[in-house]
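Visitor: Whatever this is, show me its structure:
(one chain, ligands or ions: 1)
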Amino acid sequence: MRVIAIDGPSASGKSSTAALVARRLGWAHLDSGALYRAVTLAAIDRLAEPDWTGSRILALAQQLPMRLVLVGETFRPEVAGVDVEREIRSDRVTAHVSRIAAIPEVREWVNARQREAVARHPVGVVVDGRDIGTVVFPNAPLKIFLTATPEERARRRLTQRGQSPDAGQRAREGQALEARDRADTTRPIAPLRPAPDAVLLDSTRLSLDEQVERVAALARGRFPG
Ligand code: DC
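Guide: Residues are numbered from 1 along each chain as shown. A predicted model of the protein is given here:
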């Protein structure tokens, strides 16, 4: 199975690392969080809140349809034929995504789309998320669990938004991230945790480039040729 699983908490740099590792290896990149976000976008725009149930959301996903489309070397979410990569990053989607991602039928649907994408890709796919090594691809030959301290993740998140955060802002954002980590690690379904055979990579003191190189080096060892 030509898949690399990269899991870890919010703002640990999973998606950026996964995208750059994929580019370096000539593989494709799939951000599983983007699929949860696309499902959330469709649900909040097209269903009334009492209808945010597994069966209604799955019916909607089929009817629209909601798909993963390979553009260049990136799998992008499409809703009713429209690329939603930008819209899914909006605050209104972020505000509701954990609730939608906690619905078991939604998780099964998302997992099936990921397995199809990997089965169809002839070269290999780097997939990032929270449960890729534990639930979606438990047989992936290479699994990475990427971490960094909450303070460092807060700094990266705020800097990414174009801010130059002071110590107080970093501390507040760090606390918000820790609260999300607690919710993700203690949820009953697909909690965030490293697979027993995952390589733990603490990126607190690594640059993005170093992080990418570490994963790419491990990949070259696991997938020779
Ligand atoms: O990585 P992200 O912030 O784009 O993820 C969006 C949400 O989806 C987040 O609340 C966690 C959830 N998610 C998940 O439960 N399982 C995954 N494999 C990926 C994301």
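
Visitor: quick one: low-confidence ranges for the protein?
Guide: Nowhere does the chain drop to pLDDT under 70.

Visitor: so where's the longest helix in it?
Guide: The longest helix of the chain (DSSP state H) is helix 167-186.

Visitor: tell me which residues of it are tucked away?
Guide: Using 16 or more other Cβ atoms under 10 Å as the test for burial, helix 167-186 gives 170, 173, 174, 177, 178, 181, 184. Where you see a C-beta, it was placed from the backbone N, CA and C, and this is true even at glycine.

Visitor: Count residues in the vicinity of the closest residue to the first one other than its chain neighbours, would you?
Guide: Computed as Cβ to Cβ, 6 or more residues apart in numbering, the closest residue to residue 170 that is not its neighbour in sequence is residue 154, at 4.8 Å. A count of neighbours around residue 154, defined by other Cβ atoms under 10 Å, yields 23.

Visitor: Residue 154 should be in a helix, yeah?
Guide: Yes - under DSSP: H, G, I helix; E, B strand; the rest coil, residue 154 sits within a helix.

Visitor: Please see if stretch 52-72 touches the ligand.
Guide: No - using Cβ under 6 Å from any ligand atom, stretch 52-72 never reaches the ligand; the gap is at least 13.4 Å.

Visitor: Between the two ends of that stretch, what distance do you get?
Guide: Separation of the first and last residues of stretch 52-72 by Cα to Cα, to the nearest Å is 33 Å.

Visitor: In three-state terms, label residue 4 for me.
Guide: The three-state label given to residue 4 by three-state DSSP is strand.

Visitor: Confirm for me that it is in contact with residue 215.
Guide: Yes - if you go by Cβ atoms under 8 Å, residue 4 and residue 215 touch, sitting 7.4 Å apart.

Visitor: Those two: who's more crowded?
Guide: residue 4 (30 against 24).

Visitor: how far away is residue 147 from residue 101?
Guide: 20 Å (Cβ to Cβ, to the nearest Å).

Visitor: Next: residue 40.
Guide: Distance from residue 40 to residue 101, counting by Cβ to Cβ: 8 Å.

Visitor: Please apply the same query to residue 19.
Guide: Here residue 19 is placed at a distance of 21 Å from residue 101 (Cβ to Cβ).

Visitor: Ok, residue 221 next?
Guide: Distance from residue 221 to residue 101, by Cβ to Cβ: 33 Å.

Visitor: Show me what from this protein comes close to the ligand.
Guide: Going by Cβ under 6 Å from any ligand atom, the residues of the chain near the ligand are 10, 32, 33, 36, 37, 97, 98, 101, 129, 130, 131, 132.

Visitor: and the first one, how many neighbours does it have?
Guide: Residues contacting residue 10 under the criterion other Cβ under 10 Å number 17.

Visitor: Please identify which helix or strand holds it.
Guide: Using DSSP states H and E, no element contains residue 10; it sits outside every helix and strand.

Visitor: ok so, going back, buried residues in whatever helix or strand comes next after the longest helix of the chain?
Guide: Per DSSP H and E, helix 167-186 leads on to strand 199-202 as the next helix or strand towards the C-terminus. Of all the residues in strand 199-202, those buried under the rule 16+ other Cβ under 10 Å are 199, 201.
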